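J.: Could you work out the structure for the sequence below:
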Amino acid sequence: MTERGIERDRFNYVTFTPVTTAALRLEAQLQPKFSSGILEWKTSQ
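T.: Next up is the predicted model:
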């Protein structure tokens, strides 16, 4: 896995070793007392 980006108002990229799967789940640990969220999530095929 590459280092996770934390830039504001832009896509941040992270790469993983390729896997084959039927489904993905995204879990996020957000900072307490900060407004945050996931606006869009992209995967490549």
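J.: From here on, just use CA atoms for contacts and neighbour counts.
T.: Fine.
J.: separation between Val14 and Pro32?
T.: Per CA to CA, to the nearest Å, Val14 is found 22 Å from Pro32.
J.: of these two, who's got more company?
T.: Neighbours around Val14 and Pro32, counted as other CA atoms under 10 Å, are more numerous at Val14. The numbers are 10 against 7.
J.: Kindly indicate whether the more buried one is helix, strand or coil.
T.: coil (DSSP: H, G, I helix; E, B strand; the rest coil).
J.: so it sits right up against Ile6, yeah?
T.: No. Val14 lies out of contact with Ile6 (CA atoms under 8 Å); the separation is 10.5 Å.
J.: what pLDDT does the closest residue to Tyr13 other than its chain neighbours get?
T.: Nearest residue to Tyr13 in three dimensions, chain neighbours excluded: Gly5, at 6.2 Å (CA to CA, 6 or more residues apart in numbering). Note on Gly5: pLDDT of 75.
J.: Nearest residue to Asn12 in space, ignoring adjacent ones along the chain?
T.: Per CA to CA, 6+ apart, closest to Asn12 is Gly5, 4.9 Å.
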